[in-house]
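# Turn this into a structure:
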Amino acid sequence: MRRFVPTAVLLLPLIAAGTGRAADIGPDGAQALRNQLQDWIGGFMPPGAKPPELALTVTPEDGHYRLAVPLAGVRAGAGEASLTATVSPLPNNRWSVENLVLPPQTTFRVGTGNAAVQATLGLGTEHGSALIDPTFASRSSFDVQADDIDFASQGAEQHQQQHIDRYQASGSLSAGTSNTLDLAEQTTAEGWRAAAQKAAGPAVAFGADRAKVELTISGIDRDRAGAAIAAVTAVAAAWPPMAPSGRPPAVDQLPPATRAALRTLVEGLRGLAANARVQETIQGLKVEIAGLGAASASAVRIGLGGEAPTGLLRVWFDVGVDGLALHGVPPDAAKLVPRQITFRPSIAGVPTDALTKLALAATRPGTEPHRLDPEIAALFAQGSVTVGLEALSFMIGPAQFQGAGSLLMISQTETEGQARLTATGFGALMDAVRGNPDLQQALPVLVLARGLARTDGDRLVWDIASTRGGDITLNGVDVSALIGAANHGRNPPR
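Below you'll find the predicted structure:
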């Protein structure tokens, strides 16, 4: 819902619209602009596919064009809804876009069968604008704002309602180096409230004071961007209907046409960008599940990023929660809920060429997962792949835990790794658990952990290491046999 209005992608057609001068505004200029938009759409269609004939209208007015883009399947009152804007040519081949708006009330249908929903979108005040330089000699930018947004959907399986007090999205597209582009976008939603009710399940309500998403993509290959968007379009068109279970199908269960589209997408994404990062921050989050309870957090952070500057991919995931609290539970138990959590795993050293070949092999018709061993082995041909835990931090009652570690995947069967976990206030945590009858089951685990730890000042330390041979040590003590005995019987040999 935070992206209910298209932003950067919506404005890209105007970048392809060419140049213009105020003197050119007239019927001929309007037809030329419309033809250029039609050609732009054709450039993003799958190979061999005929682009749809655009029903948009371009009307010359005093010093600008009036653009109206019908939205297929979207209704406004008794007629079809349109996205409208005024487009004006500026000096130095630039374009100004103003009054970019949707109708204040629209309805549309999404999905098929039991998964189909009828949706309604209502907007209070709204405004959209952009400054476009199709030559990339200067920076292009956009800004979209809306207030009092209401969204509702009704289907056989679920009913949902959302409201946002204020929404704003802004961003820029500028030239990088060596025929590349850099994209930056920021989206903010304030006063976000939502409620959902499934046919078989409890009602869920949640809200946030403020949600913010920041996206940056650097080094976008201008020559590959069109092919990548065309590939995404092809995958969307070829994707099979959702199963009744709602679970996505495995790759080896996809139809041949979908596999072929996925292979095109894999090729289209090869070398598309140098790096990408997205960071979302939610402040004042509240969640309530009927009959189960409620939770809140003062701040939640979720991030994802990736880069491959030397042909070796590094991807990281970042999660942080501050001020976590459970409501409706006994006070003593509530005090032991982890109120602060930081978690940052990563994967590094994956050769992008080998990863692309693996993805192409996995989507090849007739390929089964167990036949991908050669492609998987190629991932380790240039050295080890590192699965890391760059940061781990959480607080449980009076105890503060911090940790980090890494696992080197030398081959499909050989690994070695190390990790360290430290804790302060562990004794006070044990006392709190010992004094709470509802938490007695956790006490033996804490006693065992305390016995295996070593003391370093006011901290407890657990140093864990594993070797290629399968030996595991904890603070220098071999615990391989202990772990093997604990796992015995859980995973019997097949």
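# contacts and neighbour counts: CA atoms only from here.
Noted.
# Could I get the phi/psi values of K335?
With angles defined as degrees, to the nearest 10, K335 sits at phi -70, psi -20.
# which residues touch the nearest residue to it once chain neighbours are set aside?
Sequence neighbours aside, G397 is the residue nearest to K335 in space, at 5.6 Å (criterion: C-alpha to C-alpha, 6 or more residues apart in numbering). By C-alpha atoms under 8 Å, 6 or more residues apart in numbering, the contact list for G397 reads 335-339, 429.
# where's G397 relative to P60, distance?
Distance of G397 to P60, given as C-alpha to C-alpha, to the nearest Å: 67 Å.
# circling back to that earlier point, highest neighbour count among the contacts of G397?
Looking at the contacts of G397 with neighbours defined as other C-alpha atoms under 10 Å, the largest count falls to P338 at 21 neighbours.
# need the helices for the stretch 201-350 of the chain, in chain order.
222-238, 256-269, 331-334 (DSSP state H, counting those that start in this stretch).
# just for the stretch 351-494 of the chain, where's the confidence low?
For the stretch 351-494 of the chain, the stretches flagged by pLDDT under 70 are 366-370, 481-494.
# thinking again about what came up before, and the helices of the stretch 201-350 of the chain, which is most packed in?
helix 256-269 (a mean of 20; mean count of other C-alpha atoms under 10 Å).
# What is that one packed up against?
Applying 3 or more C-alpha pairs under 8 Å, 6 or more residues apart in numbering; DSSP states H and E, one finds that helix 256-269 contacts helix 222-238, helix 352-362.
# tell me the angle the first one makes with helix 256-269.
Spelled out, it's helix 222-238. 160 degrees (axes from the mean of the first three to the mean of the last three C-alpha atoms, to 10 degrees).
# low-confidence ranges in the protein?
Counting by pLDDT under 70, the chain contains low-confidence ranges at 1-24, 36-54, 112-115, 242-247, 366-370, 481-494.
# Measure how buried V445 is and give me the count.
As a burial measure, V445 scores 11 neighbours (other C-alpha under 10 Å).
# Quick check: the gap between it and L304.
Between V445 and L304 the distance is 33 Å, computed by C-alpha to C-alpha.
# sorry, back to before: return the closest of the contacts of G397 with respect to H163.
Lowest distance from H163 to the contacts of G397 (C-alpha to C-alpha) belongs to R339, with 27.9 Å.
# For P91, see how far away the closest one is.
Applying C-alpha to C-alpha, the value for R339 to P91 is 56 Å.
# what do you get for E157?
53 Å.
# ditto for N99
Using C-alpha to C-alpha, N99 is found at 20 Å from P91.
# who has more neighbours, those two?
Using other C-alpha under 10 Å, the more surrounded residue of N99 and P91 is N99, with 17 against 10.
# which phi and psi does that one have?
Per degrees, to the nearest 10, the backbone of N99 is at phi 50, psi 40.
# so it touches A68, yeah?
No: N99 is not in contact with A68 according to C-alpha atoms under 8 Å; the separation is 11.3 Å.
# Can you check which residues contact both of these two?
In contact with both N99 and A68: 84-85, using C-alpha under 8 Å, 6+ apart.
# In this structure Q154 contacts A119, no?
Yes: between Q154 and A119 there is a contact under C-alpha under 8 Å: 6.5 Å.
# Show the end-to-end separation of stretch 421-440, please.
One end of stretch 421-440 sits 24 Å from the other (C-alpha to C-alpha).
# List the beta-bridge partners for R75.
Under the criterion DSSP bridges, R75 forms beta bridges with E80, T107.
# Can you tell me how far it is from E288?
Plainly put, R75 is 33 Å away from E288 if you go by C-alpha to C-alpha.
# again with P309
From P309 to E288 the distance is 43 Å (C-alpha to C-alpha).
# And those two? Which one has more around it.
Set side by side, P309 and E288 show more neighbours around E288, with 19 against 11, by other C-alpha under 10 Å.
# hang on, the more buried one packs against F206?
Yes: counting by C-alpha under 8 Å, F206 is a contact partner of E288 at 6.2 Å.
# which residues do the two both contact?
By C-alpha under 8 Å, 6+ apart, no residue touches both E288 and F206.
# Put the alpha carbons of stretch 168-180 into CSV.
The C-alpha trace of stretch 168-180 is given here as CSV (Å, rounded to 0.1, in the frame of the first residue of the first chain):
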residue,chain,number,x,y,z
GLN,A,168,5.0,11.2,-0.3
ALA,A,169,7.4,9.7,-2.8
SER,A,170,10.3,11.5,-4.4
GLY,A,171,13.4,10.5,-6.3
SER,A,172,15.9,11.2,-9.0
LEU,A,173,17.5,9.6,-12.0
SER,A,174,20.9,10.8,-13.1
ALA,A,175,23.7,9.8,-15.4
GLY,A,176,26.6,7.8,-13.9
THR,A,177,29.8,6.8,-15.6
SER,A,178,30.2,4.6,-18.7
ASN,A,179,26.6,4.8,-20.0
THR,A,180,25.0,4.0,-16.6
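# shouldn't L183 be in contact with I217?
Yes: between L183 and I217 there is a contact at 5.1 Å, judged by C-alpha under 8 Å.
# which residues do the two both contact?
Any residue near both L183 and I217 by C-alpha under 8 Å, 6+ apart counts here, and not one turns up.
# Tell me which residues are up against stretch 183-196.
By C-alpha under 8 Å, 6+ apart, stretch 183-196 touches 2-3, 158-174, 203-218.
# Run through the bridge partners of Q161.
In beta-bridge terms (that is, DSSP bridges), Q161 pairs with A152, A195.
# how many other residues sit next to it?
Neighbours around Q161, by other C-alpha under 10 Å: 17.
# can I assume it is in contact with G122?
No: with contact defined as C-alpha under 8 Å, Q161 and G122 do not form a contacting pair (11.4 Å).
# just to revisit the earlier point, so that I can see them in ChimeraX, could you write out a selection of the buried residues among the contacts of stretch 183-196?
Per 16 or more other C-alpha atoms under 10 Å, the buried members of the contacts of stretch 183-196 correspond to this ChimeraX selection:
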select :2,158,159,160,161,162,163,164,165,166,167,168,169,170,171,172,173,174,203,204,205,206,207,208,209,210,211,212,213,214,215,216,217,218
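# Out of the contacts of stretch 183-196, which sit inside strands?
Counting by DSSP state E, the part of the contacts of stretch 183-196 found in strands is 158-174, 203-218.
# just to revisit the earlier point, and the furthest pair within the contacts of G397?
Spanning the widest gap among those are R339 and L429, at 13.8 Å by C-alpha to C-alpha.
# list residues touching both of the two?
Contact with both R339 and L429 is made by residues 396-397, according to C-alpha under 8 Å, 6+ apart.
# Would you map the strands across the stretch 251-400 of the chain?
Remark: strands assigned in the stretch 251-400 of the chain by DSSP state E, counting those that start in this stretch are 275-289, 293-307, 312-322, 325-327, 340-351, 385-396, 399-409.
# can you list the helices and strands packed on helix 256-269 in CSV and add distance to L262?
Listed next are these as CSV, based on distance: least, C-alpha to C-alpha, whole Å:
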stretch, distance to L262
helix 222-238, 6
helix 352-362, 8
